[in-house]
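[1] Could you work out the structure for the sequence below:
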Amino acid sequence: MKLAESTIEEDEEVLDPATGKLYKIVKWPATKQTNTVPLLKELPDNTLKDFQFWMYYPISGQAVIVCDNAEYRFIDNRDLMSFGKNDINLLAKSQIQSDPQYEVCAKGWIGAVAQIMNFKLWSGQHTRVETQLFGPYVGRNIPSLPELQRKKERTSHEAEEEASVKQETPS
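    Predicted coordinates for the structure are as follows:
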């Protein structure tokens with residue numbers, strides 16, 4: 001494998017307090033590979049048929065799903081998209097367990113399940129763009145795509161009406 005060539009420059013403003021010498025900055029050129037975020041492998045639907053409970057584990061910030069024959073641990077709420085439709089419905093119907101002081105964190109996982117159901121992002125249904133719905137939107141009510149399109153149409157019609165009203169009024 002060929003390594004990228006780096007350049008070394010001395011920072012003219014910052015001195016190393018231990019040695020009194022100028023700091024050196026090592027720079028590498030940008031790579032030509034694109035960064036991809038790996039999603040978990042899709043799990044078959046009804047994976048949670050022996051579901052007992054799920055809980056928020058505050059020490060590691062994980063959601064733990066306990067079944068009779070398995071235990072699933074998720075660090076990122078996007079990983080819930082690896083479950084099928086019936087499993088997501090099961091998680092939505094059951095209450096996540098958590099300590100009272102971590103209830104806000106646990107509700108983030110509940111919000112993720114709600115977003116998966118709202119946008120039908122269960123196993124096999126999601127795309128790269130739709131995975132961006134998580135993060136700042138988790139736990140918030142996002143309008144569906146048709147509603148967003150209707151709002152855009154309304155604002156364009158309102159802008160056209162305002163322009164026509166301005167043309168009709170004499171200046």
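[2] For the rest of this, base every contact and every neighbour count on C-alpha atoms.
    OK.
[3] neighbours of Gly20, just the number please.
    9 (other CA atoms under 10 Å).
[4] That one is in what secondary structure piece?
    Gly20 belongs to no helix or strand when assigned by DSSP states H and E.
[5] likewise Ala92?
    helix 85-93.
[6] Packing partners of that helix?
    In terms of contacts (3 or more CA pairs under 8 Å, 6 or more residues apart in numbering; DSSP states H and E), helix 85-93 is packed against helix 103-119.
[7] Determine the set of other helices and strands touching the helix it packs on.
    Where contact means 3+ CA pairs under 8 Å, 6+ apart, helix 103-119 is packed against strand 51-57, helix 85-93, strand 96-97.
[8] Out of these, the one nearest Ala114 is which?
    Nearest to Ala114 among the helices and strands packed on helix 103-119 is helix 85-93 (7.1 Å), distances taken as CA to CA.
[9] Scan this protein for its longest strand.
    Counting by DSSP state E, the longest strand found in the chain is strand 7-15.
[10] Describe which strands it pairs with in its sheet and in which direction.
    strand 22-27 (antiparallel) (DSSP bridges).
[11] Would you mark the buried spots in the partner strand?
    Using 16 or more other CA atoms under 10 Å as the test for burial, strand 22-27 gives Tyr23.
[12] Phi and psi next, for Glu42.
    phi -70, psi 140 (degrees, to the nearest 10).
[13] Which residues are in contact with it?
    81-84, 123-124 (CA atoms under 8 Å, 6 or more residues apart in numbering).
[14] from those, which is closest to Ala70?
    Phe83 (14.2 Å).
[15] The closest one: how many residues sit nearby?
    25.
[16] go on, Pro58?
    Residues within reach of Pro58, counting by other CA under 10 Å, total 15.
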